[in-house]
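J.: Output the structure for:
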Amino acid sequence: MMSIILGIDIGGSTTKIVGLDSEGNAIAMRRVQAQDPITSLYGAMGSFLFTNNFQLSDVSRIALTGVGASYVEGDIYGIPTEKAEEFTAVGVGGLSLSGQDRAVVVSMGTGTAFIWAEEGGGVRHLCGSGVGGGTLAGLCSRLCGTRKYAQIVKLASGGDINNIDLTVGDITRNTHPSLPFDITAANFGNVSDDATAGDFAAGVANMVLQSIGTTAVMSCRACGCETAVLTGFMANLPQADACFALFTRLHGIRFIIPENATYATAIGAALYIKERFAR
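T.: Sure, this is the predicted structure:
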């Protein structure tokens, strides 16, 4: 019989579930969508167990986190179930996946949370933003006719941001080290009459990512740190690498998008509970 710790992050629109072995290594992951947190939780568990050919008896402990965890009381299927505070799970998961000792960990979900995390120094919530995946889906539902993530990504990949955003080069001939011509002066400040759905999708994605990047830079400066770890499903947007590379060039902040960034909070919850019960 295996001894699996399940980390389950019940978010505002999706639930992420991760299984860790006795050594703390991730052995399987799953992400599902549902209309309510309880349906999402049990749907994710059932899908996870079935897909990986696990039995309930293989699960030794469950760690819950995320906004939806507040709807769950008691043990699940008789398995010892604990709750990990979401910001703690974000910080622990971000540091673990990135291999950093200290960093601003950014959780890019429906909204965005900015967390200070330091090995041996604890975790604290710095600030939050209502700009995130919910913004992307909501605006694209009106501007592009879809709120489906995969369709938005497909549209944005063929869009031209120059038909949406105003750049510094569009409004001045003067140069400045911190204001190169190719950076955005105003999101949606240059919308063309001929802008396509793809252009709008690219514009919304760029606005969301730049808003997150700006707050991450300010958070790093406030903490005296030069590293930001990006987690959550929005970190996997195809435009993310180029967007945050620009922030590195402008501000000297290193942005890390670790493998399995989508599951960082679920992993952090499981690791936190595992460590707590090992003491």
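J.: can you count the residues close to Asp241?
T.: In terms of burial, Asp241 registers 13 neighbours under the definition other Cβ atoms under 10 Å. (C-beta placed from N, C-alpha, C; glycine too.)
J.: who touches it in this structure?
T.: Ile257 (Cβ atoms under 8 Å, 6 or more residues apart in numbering).
J.: What's the first helix or strand after the host helix or strand of it?
T.: Following DSSP states H and E, one finds Asp241 within helix 240-251. Downstream of helix 240-251, the next assigned helix or strand under DSSP H and E is strand 254-256.
J.: and that following strand, what's its mean pLDDT?
T.: Within the predicted structure, the mean pLDDT of strand 254-256 is 98.
J.: what's next to it, contact-wise?
T.: Strand 254-256 has contacts (Cβ under 8 Å, 6+ apart) with 98, 100, 103, 213, 216, 226-230, 244-245, 247-248.
J.: which of the residues in it are buried?
T.: Burial within strand 254-256, assessed by neighbour count using 16 or more other Cβ atoms under 10 Å, is assigned to 254-256.
J.: and it, which strands flank it?
T.: When sheet partners are counted by DSSP bridges, strand 254-256 sits next to strand 227-231 (parallel).
J.: buried ones in the strand it pairs with?
T.: Neighbour-count burial for strand 227-231, with 16+ other Cβ under 10 Å as criterion, is recorded at 227-231.
J.: Tell me which two of those residues sit farthest apart.
T.: Looking at the buried residues of strand 227-231 by Cβ to Cβ, the two members farthest from one another are Thr227 and Thr231, with 13.1 Å of separation.
J.: that older thread, go through the contacts of strand 254-256 and say which is closest to Gly109.
T.: When those are ranked by distance to Gly109 (Cβ to Cβ), Leu230 comes first, at 11.5 Å.
J.: show me where the stretch 1-150 of the chain has helices.
T.: Chain-ordered helices for the stretch 1-150 of the chain, with DSSP state H, counting those that start in this stretch as the definition, fall at 37-51, 86-98, 133-143, 149-157.
J.: Mind checking what helix or strand follows the last one in sequence?
T.: Towards the C-terminus, the helix or strand next in line after helix 149-157, according to DSSP H and E, is strand 166-167.
J.: which secondary structure elements does that next one contact?
T.: Of the remaining helices and strands, those touching strand 166-167 by 3 or more Cβ pairs under 8 Å, 6 or more residues apart in numbering; DSSP states H and E are strand 184-186.
J.: Name the residues of the next helix-or-strand element following the strand it packs on that are buried.
T.: Downstream of strand 184-186, the first helix or strand assigned by DSSP H and E is helix 197-223. For helix 197-223, a neighbour-count test (16+ other Cβ under 10 Å) marks 197-213, 215-220, 223 as buried.
J.: Then stretch 232-241?
T.: Taking 16+ other Cβ under 10 Å as the neighbour-count basis, stretch 232-241 is seen to contain the buried residues 232-235, 237, 239-240.
J.: State the mean pLDDT of it.
T.: Per-residue pLDDT over stretch 232-241 has a mean of 93.
J.: Endpoints of it, how far apart?
T.: Taking Cα to Cα, to the nearest Å, the span from the opening residue of stretch 232-241 to its closing residue is 14 Å.
J.: my guess is Phe87 contacts Arg124, does it?
T.: Yes - under the criterion of Cβ atoms under 8 Å, Phe87 makes contact with Arg124 at 7.4 Å.
J.: what touches both of the two?
T.: Shared between the contact lists of Phe87 and Arg124 (criterion: Cβ under 8 Å, 6+ apart) are residues Ile115.
J.: for the chain, which spans come out with low pLDDT?
T.: The chain contains residues with pLDDT under 70 at 1-2, 34, 277-279.
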